[in-house]
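Undergrad: give me the fold of what follows.
(chains A, B, C, D, E, F, G, H, I and J)
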Number of protein chains: 10
Amino acid sequence: MLFHVRMDVHIPTDLDPDVRAEIVAREKGYSQDLQRSGKWPHIWRIVGEYSNFSIFDVTDNDELHEILSGLPLFPYMDIAVTPLATHPSDIAAG
Amino acid sequence: MLFHVRMDVHIPTDLDPDVRAEIVAREKGYSQDLQRSGKWPHIWRIVGEYSNFSIFDVTDNDELHEILSGLPLFPYMDIAVTPLATHPSDIAAG
Amino acid sequence: MLFHVRMDVHIPTDLDPDVRAEIVAREKGYSQDLQRSGKWPHIWRIVGEYSNFSIFDVTDNDELHEILSGLPLFPYMDIAVTPLATHPSDIAAG
Amino acid sequence: MLFHVRMDVHIPTDLDPDVRAEIVAREKGYSQDLQRSGKWPHIWRIVGEYSNFSIFDVTDNDELHEILSGLPLFPYMDIAVTPLATHPSDIAAG
Amino acid sequence: MLFHVRMDVHIPTDLDPDVRAEIVAREKGYSQDLQRSGKWPHIWRIVGEYSNFSIFDVTDNDELHEILSGLPLFPYMDIAVTPLATHPSDIAAG
Amino acid sequence: MLFHVRMDVHIPTDLDPDVRAEIVAREKGYSQDLQRSGKWPHIWRIVGEYSNFSIFDVTDNDELHEILSGLPLFPYMDIAVTPLATHPSDIAAG
Amino acid sequence: MLFHVRMDVHIPTDLDPDVRAEIVAREKGYSQDLQRSGKWPHIWRIVGEYSNFSIFDVTDNDELHEILSGLPLFPYMDIAVTPLATHPSDIAAG
Amino acid sequence: MLFHVRMDVHIPTDLDPDVRAEIVAREKGYSQDLQRSGKWPHIWRIVGEYSNFSIFDVTDNDELHEILSGLPLFPYMDIAVTPLATHPSDIAAG
Amino acid sequence: MLFHVRMDVHIPTDLDPDVRAEIVAREKGYSQDLQRSGKWPHIWRIVGEYSNFSIFDVTDNDELHEILSGLPLFPYMDIAVTPLATHPSDIAAG
Amino acid sequence: MLFHVRMDVHIPTDLDPDVRAEIVAREKGYSQDLQRSGKWPHIWRIVGEYSNFSIFDVTDNDELHEILSGLPLFPYMDIAVTPLATHPSDIAAG
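TA: Down below sits the predicted model:
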């Protein structure tokens, strides 16, 4: 089941650079593990912003919340989730 | 080059049903031709709304505008375009 | 799987009263069938507005979109869907 | 009498972790006591956000404000209250 | 139990003047009956707008919705309801 | 002359509790003196928020600004003022 | 007593041109009479919009509402009123 | 003196196609005359929207309003004007 | 050439009171010098807010930006500038 | 390929003045190098704000994101990017 997610990252500019680097590194590993598992099939950077649009493919809402709230950057993010359905014009849907 | 597009359709409720059906049918054909060509790789319905999130893969901004402004439903749509870049965590980015 | 839905109804004030009454009657029947089936467990009127908050219990996103887009009042509604997860403080969550 | 409440929690990221844990624990106990009493019949997590939708069943507005302003997380929350009425299509309404 | 209500009236400029006059006259009578009964203790015009702020004193949410949805101008209004509680500094609160 | 005022209080969560208590106590006294004088005839708590709706009865705009900017909590408040006129349906106006 | 007023005019594009011209001519006369009387000391066009910022100098809120609601273009306008006080840095304030 | 202008065009979908074509043609001529005169040095289409960003180079505010309010599409447009100053980093600024 | 300016001041509540007093005093002098020169012909306090509406009369956009960005309170302000043109109903316009 | 970019700068008022001066100086050099290379053909100050409108001329979305995210002021900015296409009325397009 697919969900569209927008994440906007707001790390305080006075956060300790080492702390920041450690969190960002963990975030990257966390994201790549989920990409490899097939649960996070798309992630795109929004040009000019510290933000991304992502597509998640999960079993249900609880699994999605568990994934998102476990993001190392979760305390520094605004996240907006939109449930997706098959589009009637989608040639891949048939 | 990838772009994220949100389309919200607002067809007047008093539009002639035949006119409406004809426009919607042309829209579907137009979209599917572009999907087959690879220029419109993703289209998802937003649950509960007459709206979609789409990803376009085009050569440049002019081509994207030509495609979008040629949509049969263009006069009835609000469209928001967001340019996308490669995300540094994307495992497909190489 | 639970979803929170807000529906705001905007029927044009110049719609034929008989047409309006017929649509509203069909809407009521459609809603009550889904309530009886367990897929629409809660519906509350928002005080002072022609709007409701509802909870849906469905199998997946596609089923929810099928239900919502089939509402007789769908062409006259703004709908906002929010996916819900189990709250860690919920005593019913066990 | 039913009310719909949305709570969005914004705990400063530099709050002492022990202080934070203590407040969050008290919040959970406070919420569960009210759930057991029947005054807080529903609480759902909003997917991807540190937020919830809740339904309260109280005697009057004063009781609801007393409950909400007594939440241990109240100083860190944005709260929006919407009064609910019986929906004419509700099969449970008699 | 007190509620704060804002009403914004949007009558189409092409509505038949006689129809309009008849609705506005009924609205006035409806409002004044409720004022006399004590259920609508305050109504103020917002300067420069076809809008009012009102205070209602009702038994519960259902009664308030019944009153508001019965307003002759209801189909032409946007209404926003805010529940009120006793303020701890109110000298009238005892 | 009547004015509708909404006040939203945002005291930083890390303000010294004694300083906070002292300001809040002064605010209460300041408000109650104005209530007794007749210049602040109504104050209601907005349910679930650290906010109030108030009605002021003052001689002119300058007096209202002097009162509001003198509130002990003024530096911590967002304030919105709306001028009120007599409503043509008000039974008390005639 | 001074008030700041913003007026945004939205005349339907399909209004009969003669009706429109007649209303606009009456509006001009109405405005100029009030300017000559000293009650409407300033009116400025907002560049690029069918809108104005105005300053009114009136006795009280009721007089201002009577003036604004009597504008021939009132049914086609959005109006926002802001009460003004003497600024402590104003050299004209004495 | 430079101004940044955003124009959003909203032509009713039921406008007579010949009327529409005639207005759009006049708009094009009007714009190109001003471009040739140097007063409208830049015009760009916003991708996916019936909108443009433009730069105007005019003598003063009155001239800009005269130009904009004279646009054949003016009754169908929302226009937002932003005054521009020389940027201190601009290498063309001397 | 006239411009309408709204200034909203947001001084942090924990700024050193002496620093604050010094900045506010400089702001007052800066403003009054410009008022005396004729470049800042009007300044009004918005009732209930630490904000003002002002009218500036300057030679061009660059001069206005130089004045505004030189305000001692500039780092603590949100400023919105609107260019003004002569209104066709203005009796002072000749 | 052209893009319209709005940048709003929000440097904390308590940032060390030397750190601030160093970042601002680097920003200026960074910008001017890109202006000289032809990739940043226009930059305008928005009057009264610490903001600019810019036009970028880049090969693709990835290049634009690389440029923008490399701005020394990037951590202190809100940035909004809008892709531009050739306008059909542009006399330079033909």
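Undergrad: going by C-alpha atoms from here, please, whenever you check contacts or count neighbours.
TA: Will do.
Undergrad: dump the residue contacts of the residue most central in space within chain A.
TA: Closest to where the C-alpha atoms of chain A average out (C-alpha atoms, centre = their mean) is residue A:54, at 5.3 Å. Shown in contact with residue A:54 (C-alpha atoms under 8 Å, 6 or more residues apart in numbering or on different chains): A:4, A:5, A:6, A:40, A:41, A:42, A:43, A:44.
Undergrad: how about residue A:40?
TA: Residue A:40 is in contact with A:31, A:34, A:54, A:55, A:56, A:57, counting by C-alpha under 8 Å, 6+ apart.
Undergrad: and for the last one, the neighbour number?
TA: Put plainly, it is residue A:57. 17 (other C-alpha atoms under 10 Å in any protein chain shown).
Undergrad: I figured it hits residue A:2, correct?
TA: Yes: the criterion here is C-alpha atoms under 8 Å, and residue A:57 meets it with residue A:2 at 4.6 Å.
Undergrad: quickly list what's touching both of the two.
TA: Here residue A:57 and residue A:2 share no contacting residue, scored by C-alpha under 8 Å, 6+ apart.
Undergrad: now the helices for chain A?
TA: Using DSSP state H, the helices found in chain A span residues A:17-37, A:61-69.
Undergrad: for chain F, find the nearest of those.
TA: If you check each of the helices of chain A against chain F by C-alpha to the nearest C-alpha, helix A:17-37 wins as the nearest, at 23.0 Å.
Undergrad: could you see whether chain B lies near the closest one?
TA: Yes: for a cut-off given as C-alpha under 8 Å from any C-alpha of the partner chain, helix A:17-37 has contacts with chain B, namely A:28, A:31, A:32, A:35, A:36.
Undergrad: if any of the residues you listed are buried, give me the PyMOL selection for them.
TA: A single PyMOL command selects the buried members of these (16 or more other C-alpha atoms under 10 Å in any protein chain shown):
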select buried, chain A and resi 28+31+32+35
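Undergrad: what about chain D: which of the residues of helix A:17-37 next to chain B touch it?
TA: Counting by C-alpha under 8 Å from any C-alpha, no member of the residues of helix A:17-37 next to chain B is near chain D.
Undergrad: name the residues of chain A found near chain B, please.
TA: A:28, A:31-32, A:35-36, A:42-47, A:52, A:82-87, A:89-91.
Undergrad: one more time with 7 Å
TA: Contacts of chain A with chain B, taken as C-alpha under 7 Å from any C-alpha of the partner chain, map to A:28, A:32, A:43-47, A:83-87, A:89-91.
Undergrad: could you identify the most distant pair in those residues?
TA: A:28 and A:89 (34.4 Å; C-alpha to C-alpha).
Undergrad: phi first, then psi, for the residue in chain A that chain F sits nearest to.
TA: Distances between chain A and chain F by C-alpha to the nearest C-alpha are smallest at residue A:12, namely 17.3 Å. Residue A:12 has phi and psi values of phi -60, psi 140 when expressed as degrees, to the nearest 10.
Undergrad: try the one 3 residues further on
TA: Main-chain dihedrals, residue A:15, degrees, to the nearest 10: phi -70, psi 140.
Undergrad: residues near it, how many?
TA: 12.
Undergrad: do stretch A:17-36 and chain J come into contact?
TA: No: applying C-alpha under 7 Å from any C-alpha, one finds stretch A:17-36 separated from chain J by no less than 12.8 Å.
Undergrad: in that stretch, which residues are buried?
TA: By neighbour count on 16+ other C-alpha under 10 Å, the buried set for stretch A:17-36 is A:20, A:27, A:28, A:30, A:31, A:32, A:35.
Undergrad: what does the pLDDT read for the closest residue to chain G within chain A?
TA: Here chain A gets closest to chain G at one residue, residue A:48, 29.7 Å apart by C-alpha to the nearest C-alpha. Note on residue A:48: pLDDT of 98.
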